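Let me see the structure of the following:
(2 chains)
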Amino acid sequence: MEDEIVLLDFWPSLFGARVRIALAEKGIKYDSKEEDLRSKSPLLLQMNPIYKQIPVLIHNGKPICDSLIVVQYIEDVWNDRNPLLPSAPYHRAQARFWADYVEKKIFELWSKVWTSKREEQEVAEKEFIEALKLLEDQLGDKTYFGGDNLGFVDIALVPYYGWFKAYETFGNLNIESECPKFNAWVKRCLQKESVSKSLPNQHKIYEFSVELRKKLGIESVGI
Amino acid sequence: MTDEVVLLSTWGSMFGMRASIALAEKGVKYEYKEENLENKSPLLLQMNPIHKTIPVLIHNGKPIRESAIIVQYVDEVWNDKAPIMPSDPYQRAQDRFWVDYIDKKVYDTWRKMWLSTGEEHETWKKELISIFKQLEETLGDKPFYGGDTFGFVDVGLIPFYCWFYTFETYGNFKMEAKCPKLIAWAQRCMERETVTTT
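Model prediction:
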């Protein structure tokens, strides 16, 4: 019996992008359903009643929620190809730790950068760059966080890139000059089709973020 | 060569207890080191420089951090007995979801209730009770979240049981009246030596 795989998604979502990348890495065919987050579908509300958020992977009718949990599920089910997590328990624990760091710390610092008022922006940007530098240290001289191949931490982090670039137009960040190793890693990831085809166009993200900032009433900086 | 296993934790930490219970379930001998969070040891700062929090499991000199990650690590390394994670990928995903739910919701909501007064306090109290009611619903009629066996969500949640009295006192409610099934589950867990000796 053929698998039925549906992804409830929203095109600018970096969380949705994580799942798209994982599915592409494993070569899995699926049906994508675009959600309107201002008018959530009955299917989304049924499949994720707790958080009512995307992404939701529906595998043969059964839902899996939360982007990093979905990626681990994809790894567990399609475990015959392109491993996304290391096999040794210690390295798996480290990969989970750093993905959790991206999930909590990068999200928290990034949200501050994004929503802070002009006076607080410099502090928020500085803290954010420090966190990126920490991740650069963690990457070291490896091609990817996963080593020679794209892994769990790469998938957790790379979808932020489009949003970082969009922000550079509003704020005083220049990630290329402040975190060159990070920038080089992003470029390597983007050379992979599973990543380049899963991430939305940067210009579209920029336009979306302009609209979002208007809605949230955040003044532009430096323009 | 024998394993050297050290756990850095504090006596009242629900997150530390998760690690202790997992180690006890697997029958792992380890050295426990009590941390003073107001005066963190050089070992803790060296082993967890990022968050500087407990628990930290140190296995043959290498640190594993974050309680849910520690429990999964213990399960993967000492995989010859008492499995904690289910073998089915879908069930594993569900277990991870609920432990993440506990992590996102319970502690923060408790703190908000504890630190607020008046109408705000009532709002957070209602929220805390609804979180436990949701967890009770998720348990259903199973003896444990793991089904017939003690599993990841059981390990994830049971340490909060010793805080129920504190929640009840600050919130002025009785958990047994609001969530009787959850209390019954907790009592079943408390029959396990691995839980009571932790």
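
For chain A, what lies in contact range of chain B?
With the criterion set to Cβ under 8 Å from any Cβ of the partner chain, chain A comes near chain B through A:50, A:59, A:62, A:64-66, A:69-70, A:72-73, A:76-77, A:89-90, A:92-93, A:96-97, A:100-101, A:134. For glycine as for every other residue, the C-beta is placed from the backbone atoms N, C-alpha and C.

Contacts for the longest helix seen in chain A, please.
Assignment by DSSP state H gives helix A:118-139 as the longest helix of chain A. Here helix A:118-139 makes contact (Cβ atoms under 8 Å, 6 or more residues apart in numbering or on different chains) with A:98, A:101-102, A:105-106, A:109-110, A:112-113, A:116, A:145, A:153, A:157, A:171-173, A:175, A:178-179, A:181-182, A:185, A:219, A:221, B:50.

how about the helix ranked longest in chain B against chain A, any contact?
Assignment by DSSP H gives helix B:89-114 as the longest helix of chain B. Yes - judged by Cβ under 8 Å from any Cβ, helix B:89-114 and chain A are in contact via B:89, B:90, B:92, B:93, B:94, B:96, B:97, B:100, B:101.

other SSEs contacting that helix?
Where contact means 3 or more Cβ pairs under 8 Å, 6 or more residues apart in numbering or on different chains; DSSP states H and E, helix B:89-114 is packed against strand A:62-65, helix A:67-77, helix B:67-77, helix B:118-139, helix B:152-157, helix B:164-171.

got the angle for it vs helix B:118-139?
Helix B:89-114 runs at 160 degrees relative to helix B:118-139, counting by axes from the mean of the first three to the mean of the last three Cα atoms, to 10 degrees.

Would you mind listing the buried residues in helix B:89-114?
B:89-90, B:92-103, B:105-106, B:109-110, B:112-113 (16 or more other Cβ atoms under 10 Å in any protein chain shown).

burial measure for the closest residue in space to residue B:101 that isn't next to it in sequence, as a count.
Among residues not flanking residue B:101 along the chain, residue A:50 sits closest, at 6.7 Å (Cβ to Cβ, 6 or more residues apart in numbering or on different chains). By other Cβ atoms under 10 Å in any protein chain shown, 14 other residues sit near residue A:50.

Can you tell me the SS state at residue A:50?
Following DSSP: H, G, I helix; E, B strand; the rest coil, we place residue A:50 in the coil state.

Model confidence score at it, please.
What the model reports for residue A:50 is a pLDDT of 96.

Tell me who's in contact with it.
Residue A:50 touches A:65, B:101, B:134, counting by Cβ under 8 Å, 6+ apart.

what separates the second one from residue A:66, distance-wise?
It stands for residue B:101. Between residue B:101 and residue A:66 the computed distance is 9 Å (Cβ to Cβ, to the nearest Å).

What are the phi and psi values at the nearest residue to residue B:78 once chain neighbours are set aside?
Leaving out its chain neighbours, the residue that sits closest to residue B:78 by Cβ to Cβ, 6+ apart is residue B:26, at 3.9 Å. Main-chain dihedrals, residue B:26, degrees, to the nearest 10: phi -90, psi 0.

And residue B:27, by the same measure?
Taking degrees, to the nearest 10, you get phi 70, psi 30 for the backbone angles of residue B:27.

Tell me, how many residues neighbour it?
Here the count is done by other Cβ under 10 Å, and residue B:27 has 11 residues near it.

Surely it touches residue B:80?
No - taking contacts as Cβ atoms under 8 Å, residue B:27 lies outside contact range of residue B:80: 9.7 Å.

thinking again about what came up before, among the residues of chain A next to chain B, which ones are buried?
For those, buried by 16+ other Cβ under 10 Å: A:59, A:64-66, A:69-70, A:72-73, A:76-77, A:89-90, A:92-93, A:96-97, A:100-101, A:134.

Where does the prediction get shaky in chain B?
B:1 (pLDDT under 70).

Close to chain A: what parts of it are there?
B:50, B:59, B:62, B:64-66, B:69-70, B:72-73, B:76-77, B:89-90, B:92-94, B:96-97, B:100-101, B:134.

The same query, at a cut-off of 7 Å, please.
B:50, B:62, B:64-66, B:69, B:73, B:76-77, B:89-90, B:92-93, B:96-97, B:100-101 (Cβ under 7 Å from any Cβ of the partner chain).

Count the residues that sit near the nearest residue in space to residue B:172 that is not next to it in sequence.
Spatial nearest neighbour of residue B:172, excluding adjacent residues (Cβ to Cβ, 6+ apart): residue B:125 at 7.8 Å. Burial of residue B:125 is recorded as 21 neighbouring residues (other Cβ under 10 Å).

Tell me which residues touch residue B:125, please.
Residue B:125 makes contacts with B:113, B:171, B:173, as judged by Cβ atoms under 7 Å, 6 or more residues apart in numbering or on different chains.

Using a markdown table, please lay out the residues you listed together with distance to residue A:84.
Below are those laid out as a markdown table (distance: Cβ to Cβ, whole Å):
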| residue | distance to residue A:84 |
| --- | --- |
| B:113 | 39 |
| B:171 | 42 |
| B:173 | 44 |
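
Among the residues you listed, find me the one that's closest to chain A.
For these, the closest approach to chain A (Cβ to the nearest Cβ) belongs to residue B:113, at 20.0 Å.

do you know how far the residue most central in space within chain B is from residue B:21?
Among the residues of chain B, the one closest to the centroid is residue B:156, at 3.6 Å (Cα atoms, centre = their mean). To residue B:21, residue B:156 is 10 Å away according to Cβ to Cβ.
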